[in-house]
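> Take this sequence and fold it.
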Amino acid sequence: MTQGPETPDPNQQPEGSAPPPPPYEQPAQPTPPPYGQPQGGYAPPAGGFAAPNPAAPYGVHPVTGVPYSDKTKLVAGLLQILIPLGIGRFYIGDTKTGVWQLVVTILTCGIGALWPFIDGIMILATDSKDAQGRPLRTS
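Presented below is the predicted three-dimensional model:
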């Protein structure tokens, strides 16, 4: 019996030739983190919020960086308007002005109550400060 033409073995390389290059492999892709996990090098603080600053428990003014007062602008203004005896000034710690408003209102038989009334509107309309010079909170 005669043999027919042989087919070359693909695993066998001819003599004198270079080996074929290895097949192209894609680099392994990192698996994405599970949903809700941070990507990259950023990791938020525990709880999702920054740690509170003990020197500014109510936050800081965004422009000046001065910590907010523990008193609110709305309460101080309404106390001045509704009870025009300087009560709003006592509330924010400005006792000197509060005493003057009280004395003027009593000595003028109530006509001097116009001063605390207008002062209450000014507290609500402007960036007022407490006795320590910290800006009043808006809410």
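> What are the boundaries of the helices in the chain?
Using DSSP state H, the helices assigned to the chain run over residues 73-82, 87-92, 95-107, 114-125.
> Tell me the helices and strands packed up against the second one.
Right, helix 87-92. For helix 87-92, the elements it packs on are helix 73-82, helix 95-107, helix 114-125, judged by 3 or more CB pairs under 8 Å, 6 or more residues apart in numbering; DSSP states H and E. For every residue, glycine as well, the C-beta is placed using N, CA and C.
> Need the winner for burial among the ones you listed.
By mean neighbour count, with neighbours taken as mean count of other CB atoms under 10 Å, helix 73-82 ranks first of the helices and strands packed on helix 87-92 at a mean of 19.
> Would you mind extracting the C-alpha trace of that helix into PDB?
As requested, the backbone C-alpha atoms of helix 73-82 are provided in PDB (Å, rounded to 0.1, in the frame of the first residue of the first chain):
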ATOM      1  CA  LYS A  73     -31.600  85.000  63.700                       C
ATOM      2  CA  LEU A  74     -35.400  84.200  63.500                       C
ATOM      3  CA  VAL A  75     -35.900  83.800  67.200                       C
ATOM      4  CA  ALA A  76     -33.900  87.000  68.000                       C
ATOM      5  CA  GLY A  77     -35.800  89.100  65.500                       C
ATOM      6  CA  LEU A  78     -39.200  87.800  66.500                       C
ATOM      7  CA  LEU A  79     -38.500  88.400  70.200                       C
ATOM      8  CA  GLN A  80     -37.500  92.000  69.400                       C
ATOM      9  CA  ILE A  81     -40.600  92.600  67.200                       C
ATOM     10  CA  LEU A  82     -43.200  90.800  69.300                       C
END
